[in-house]
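*Asks:* 3D model of this:
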Amino acid sequence: MAPRPRRSRLPRTLLAVLVTASVAVPISGAARPAAVPAPAPTALGPLRDTAPATLAHRYATTRADIRAAERGADAHGDHRRAAALRAMAAPDRHFLTFDGRDGGRSTEVYGDLAHADRIAVLVPGADTDLDSYHRLRDGARALQQRLQQHPGIRPAVLAWLGYPTPATMTPAAVTTALADDAGPQLHAFTETLRQARPAARISLLCHSYGSVVCGRSAPGLPADDLVLYGSPGVGADTAARLRTPATVWAGRGADDWVAHVPHAQLALPFASFGFGTDPVSPRFGARIFAAGAGGHSDYLKPGSRSLESLARIVAGPPPSAAPDATATAQRTAREDRHA
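*Replies:* Numbering: from 1, shown residues only. Below you'll find the predicted structure:
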């Protein structure tokens, strides 16, 4: 009988298959549409304070930039992008930052940031840009609505689309290259937010590839919570190696396909692929929260167990995590699935 292959080789074999698939997928099925031209945004500088007058000025300035980008999209013939931008420029929507170039960057505010004492920053994963922004918006609105039901807190949710996210079926989605650039930007944004709202509880909620970005921002991050969900890994073997003062949380829905992504790292001469230890594994050492039975895109779905858990973490004090929290969360997810 032939000897059985060593178990330690399996993740690397699977990772190699994943990398090969991401390279071999037909470009027509994975490529992003051609860039839509947009003017450079108004230079605003970092947020110094959250006084109502300061925020009103920023919101008015970014709204004008969004409308300029809308006119550019219309002139280019991309009426879908123009319609999305027209919706973003509505008077009841508020953006701290906006840049319509190269797929788009923005930071939208849900709630009253001037008086917030609980601030959640949503960091999205792959396939998020101005054309698909409604998904990020829906999640931010659902979280803000749930937080408003918690008594005694003043919440605000910030949807941070601060980097060019990778397309799912491309090599960029299995390397840290984009996160290496985005992580320092997220760190700087969080520092600015901390200086502007020094007494607020700040939680970063990091979905999918966004958790890789959060991993790159983590050392010394001035946040209270770093929450990883639907995460393929963060490029660190343990939560301790993130060198963050924040409490590190992790959760995964029972139907999330990311559970089948190989949790390993493969160094090749031209790049490093994969993101290392599974964040919900005991070895990683995160505090586990119950994520229910949902799939990869369901964590902020209204009425879901995962949304309830995320809101409780943001609201604080965080729910206790028993020593067997991993098993408990997995058992809860199974029960939800069969309910």
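*Asks:* hang on, Trp160 in a strand?
*Replies:* Yes - the assignment for Trp160 by DSSP: H, G, I helix; E, B strand; the rest coil puts it in a strand.
*Asks:* Look up which residues are beta-bridged to it.
*Replies:* Here Trp160 sits in beta bridges with Thr107, going by DSSP bridges.
*Asks:* In contact with it, which residues?
*Replies:* Thr107, Val121, Leu122, Val123, Pro124, Leu186, Phe189 (C-beta atoms under 8 Å, 6 or more residues apart in numbering). To be clear about C-beta, it is placed using only N, CA and C from the backbone, and glycine gets the same treatment.
*Asks:* The first one: what's it in contact with?
*Replies:* Thr107 makes contact with Phe95, Leu96, Thr97, Phe98, Leu158, Ala159, Trp160, Leu161, Gly162, Phe189 under the criterion C-beta under 8 Å, 6+ apart.
*Asks:* The last one now?
*Replies:* By C-beta under 8 Å, 6+ apart, Phe189 lies in contact with Thr107, Val121, Trp160, Gly162.
*Asks:* The same query, at a cut-off of 7 Å, please.
*Replies:* Trp160, Gly162 (C-beta atoms under 7 Å, 6 or more residues apart in numbering).
*Asks:* Tell me how far it lies from Ser281.
*Replies:* The gap separating Phe189 from Ser281 is 29 Å, by C-beta to C-beta, to the nearest Å.
*Asks:* For His49, grab the count of nearby residues.
*Replies:* Just so we're on the same page, residue 49 is Asp rather than His. 11 (other C-beta atoms under 10 Å).
*Asks:* actually Gly215, not the one I typed
*Replies:* Per other C-beta under 10 Å, the neighbour tally for Gly215 reads 28.
*Asks:* dump the residue contacts of it.
*Replies:* Shown in contact with Gly215 (C-beta under 7 Å, 6+ apart): Val234, Gly235, Ala236, Leu242.
*Asks:* So the third one, which state does it fall into?
*Replies:* Under the three-state scheme (three-state DSSP), Ala236 adopts coil.
*Asks:* where's the top helix by length along the chain relative to the chain centroid, distance-wise?
*Replies:* Assignment by DSSP state H gives helix 52-76 as the longest helix of the chain. Mean-position distance between helix 52-76 and its chain equals 24 Å (C-alpha atoms, centre = their mean, to the nearest Å).
*Asks:* go on, stretch 66-82?
*Replies:* Computed by C-alpha atoms, centre = their mean, the chain-centroid distance of stretch 66-82 equals 26 Å.
*Asks:* can you check stretch 183-194 too?
*Replies:* Its chain's C-alpha centre and that of stretch 183-194 lie 14 Å apart, by C-alpha atoms, centre = their mean.
*Asks:* got the buried residues for that stretch?
*Replies:* Buried residues in stretch 183-194, defined by neighbour count with 16 or more other C-beta atoms under 10 Å: Gly183, Gln185, Leu186, His187, Phe189, Thr190, Glu191, Thr192, Leu193, Arg194.
*Asks:* Show me the residues you listed that map onto helices.
*Replies:* Gly183, Gln185, Leu186, His187, Phe189, Thr190, Glu191, Thr192, Leu193, Arg194.
*Asks:* okay, those in a markdown table with distance to Pro39 and pLDDT next?
*Replies:* A markdown table is the format used below for those (distance: C-beta to C-beta, whole Å; pLDDT from 0 to 100):
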| residue | distance to Pro39 | pLDDT |
| --- | --- | --- |
| Gly183 | 28 | 97 |
| Gln185 | 21 | 97 |
| Leu186 | 25 | 98 |
| His187 | 28 | 98 |
| Phe189 | 22 | 97 |
| Thr190 | 28 | 98 |
| Glu191 | 28 | 97 |
| Thr192 | 24 | 97 |
| Leu193 | 26 | 97 |
| Arg194 | 31 | 97 |
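*Asks:* Quick check: next helix or strand after the longest helix of the chain?
*Replies:* Using DSSP states H and E, the helix or strand that directly follows helix 52-76 along the chain is helix 79-88.
*Asks:* pLDDT of that following helix, averaged?
*Replies:* Helix 79-88 shows a mean pLDDT of 95.
*Asks:* Output it as CSV, nothing but the C-alphas.
*Replies:* Extracted as CSV, the C-alpha positions of helix 79-88 are listed here (Å, rounded to 0.1, in the frame of the first residue of the first chain):
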residue,chain,number,x,y,z
HIS,A,79,-25.0,56.1,-17.4
ARG,A,80,-24.9,53.3,-14.8
ARG,A,81,-22.0,55.0,-13.0
ALA,A,82,-23.7,58.3,-13.3
ALA,A,83,-26.9,57.0,-11.7
ALA,A,84,-24.9,55.6,-8.8
LEU,A,85,-23.2,58.9,-8.3
ARG,A,86,-26.4,60.8,-8.5
ALA,A,87,-27.8,58.7,-5.7
MET,A,88,-24.6,59.3,-3.6
